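here is my input; please provide its structure:
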Amino acid sequence: MRDAAQPNRPIPAKAAAYTATVQRHAYRVTDSQVEALRAAELSEDEIFELTVAAAVGAGLDRLDAGMRALR
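This is a model prediction of the structure:
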């Protein structure tokens, strides 16, 4: 089993559109997008980690923007 938790590893090209959707419009993620990642041979763990990393990163970016606006 590959170690999916590698912080400096770039986003796989086959997951770029998916992670962009999670970052900008998470409510638009579809089952077919996740199935496409499975078909592209990403593991469940990799898909989960990509999803969490994209969502947390987007949340932190929004928090930073809000904190800058308050200054």
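
starting at the chain centroid, how far to the longest helix anywhere in the chain?
Longest helix of the chain, by residue count under DSSP state H: helix 44-70. Centroid separation between helix 44-70 and its chain, computed with Cα atoms, centre = their mean, to the nearest Å, is 8 Å.

please point out which parts of that helix sit buried.
Of all the residues in helix 44-70, those buried under the rule 16 or more other Cβ atoms under 10 Å are Glu46, Ile47, Glu49, Leu50, Thr51, Ala53, Ala54, Ala58. C-beta: built from backbone N, CA, C; applies to glycine.

which one of the residues you listed is nearest Val34?
Comparing the buried residues of helix 44-70 against Val34 with Cβ to Cβ picks out Ile47 as the nearest, at 6.3 Å.

CA atoms of stretch 18-25 as CSV?
Output of stretch 18-25 as CSV, limited to C-alpha atoms (Å, rounded to 0.1, in the frame of the first residue of the first chain):
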residue,chain,number,x,y,z
TYR,A,18,-12.1,17.6,-8.4
THR,A,19,-10.0,19.4,-5.8
ALA,A,20,-10.8,22.8,-7.5
THR,A,21,-14.5,21.9,-7.1
VAL,A,22,-14.1,21.1,-3.4
GLN,A,23,-12.2,24.3,-2.9
ARG,A,24,-14.7,26.6,-4.6
HIS,A,25,-18.0,24.9,-4.6
